[in-house]
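A.B. asks: Predicted model and sequence follow; I will ask about them next.
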Amino acid sequence: MTTKVIPTTLGSQAEHYEKLGLIKGQIAPWEDGMRTDGSAGTYEWWYFDSHLNDGSKLVIVFYTKPMMEIDSPLTPYVSFTWDLPDGRTIQRTYAATSEKNFFASTEQCEVRIGANVFKGNLHDYQIHIEMDELVADISLSGKVPPWRPETGYWLYGEQDEHYFAWLPSVPQGKVEAMIQMGEDYRQYTGMGYHDHNWGNIAMPALMNNWYWGRAQVGDYTVIVCNITAEEQYGYKAHPVFMLAKGNKILADDGNLIRLTKRDEYLDDLTGKPVANTLVYEYEEEDKHYTVTFQREKDISKYRFIDTFRGAKKEAAIAAGFDGAYLRFTGEVRLEVLEGKEIVESLQNEAIWDLMHLGKARQKQSTK
């Protein structure tokens, strides 16, 4: 007996834009405002990351609730992760003590969780962090215009009743940062990125896994992603590709992407298949680009179940949940081709990740 595959698609038709109140190729400030009501069954977060001039990497996220607890009521919190050049990682979290400690505008990005603030207008952003002895002020100024893949909504179900949405509000921008730890006060510059995600059903119900990465390579900005739907959706792949040069977007049609995974192995901690090399190839008439991510090391990896406690952990074990997250660093290489000839080749350091929410579909050698 053949099981019917439930449909899933990236919203790209005129009726999708009309239903969502969006305009093709245009992004309004309200799209980066709060898009859910925080109720049970919804989730939302505003994300920022940066490569700083000392070689450190900074990630800040404002959440409406924990990613794996979307059936809970509004429980906002902020996470701060700073990977230092010497291998140390500084992590801090602030959780709102009540709804009075949370505010989010629906007109633009303005999120306040306690004394922590994430605010901007699709071009200029300010982030303020206060957590115990840690104080940070970050400014982000966009160098590449806001962008989304079509509507930015991946729709699931016979009636498109479920969705996962994504808005890269600042694909690439200039960063100035002040970070103070106790008496230690330092200033940094760098390049950064901001995006915004939200949805109305738990991601493990929709997605088996995704690879996501971004990079600056010379004058080029790259965003790539490959979302693989869960089994009931036929493990359908949704590739994403955005390439900009300066402030001009050159290529962004995900239908023209071919992703090749090479040298896969089974990670020893998470049990998930990981590709050492990811090759995204984009070809459209006279446009031909290849973006290759070559893993050098893991900078973070964990099983979600290891972050749970008590009854929640017991329930996850009973349900067989084995989701995991891995973040990598290594080299990204961009090649610009004319026909089969490489006319430009550039390299840089990059960070990318693998979110694996469902059961692994194949086994490789453990590494």
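C.D. replies: On my side now, so go ahead. Residues are numbered from 1 along each chain as shown.

A.B. asks: Just give me the neighbour total for residue 169.
C.D. replies: When neighbours are defined as other Cβ atoms under 10 Å, residue 169 has 28 of them. Backbone N, C-alpha and C define where each C-beta goes, glycine included.

A.B. asks: Can you give me the distance of it to residue 265?
C.D. replies: For residue 169, the distance to residue 265 (Cβ to Cβ, to the nearest Å) stands at 35 Å.

A.B. asks: same check, this time on residue 61
C.D. replies: 28 Å.

A.B. asks: so where does the closest residue to residue 82 other than its chain neighbours fall, helix or strand?
C.D. replies: Leaving aside its sequence neighbours, residue 82 sits nearest to residue 90 (Cβ to Cβ, 6 or more residues apart in numbering; 4.3 Å). Using DSSP states H and E, the element containing residue 90 is strand 89-95.

A.B. asks: Quickly run through the sheet partners of that strand, with directions.
C.D. replies: strand 77-83 (antiparallel) (DSSP bridges).

A.B. asks: gap between the partner strand and the chain center?
C.D. replies: Offset of strand 77-83 from its chain centre (Cα atoms, centre = their mean, to the nearest Å): 14 Å.

A.B. asks: Please could you give me each C-alpha atom of that strand, formatted as CSV?
C.D. replies: Presented in CSV, the C-alpha positions along strand 77-83 are these (Å, rounded to 0.1, in the frame of the first residue of the first chain):
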residue,chain,number,x,y,z
TYR,A,77,14.5,34.7,26.5
VAL,A,78,17.7,35.9,25.0
SER,A,79,20.8,33.8,24.2
PHE,A,80,24.4,35.3,23.8
THR,A,81,27.2,33.1,22.5
TRP,A,82,30.7,34.4,21.9
ASP,A,83,33.3,32.0,20.5
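
A.B. asks: Same question for stretch 300-315: list its buried residues.
C.D. replies: By 16 or more other Cβ atoms under 10 Å, the buried positions in stretch 300-315 come out as 300, 301, 303, 304, 305, 308.

A.B. asks: An error on my part: the question was meant for stretch 221-233.
C.D. replies: Buried residues in stretch 221-233 (16+ other Cβ under 10 Å): 221, 222, 223, 224, 225, 226, 227, 228, 229, 230, 233.

A.B. asks: How about stretch 277-296?
C.D. replies: For stretch 277-296, by 16+ other Cβ under 10 Å, it's 278-282, 288-295.

A.B. asks: of these, closest to residue 85?
C.D. replies: Using Cβ to Cβ, residue 295 comes nearest to residue 85 of the buried residues of stretch 277-296, at 19.1 Å.

A.B. asks: quick one: that closest one and residue 276 touch, right?
C.D. replies: Yes: the pair residue 295 and residue 276 qualifies as a contact (Cβ atoms under 8 Å) at a distance of 4.8 Å.

A.B. asks: SS state for residue 265?
C.D. replies: Residue 265 falls in the strand class when you classify it by DSSP: H, G, I helix; E, B strand; the rest coil.
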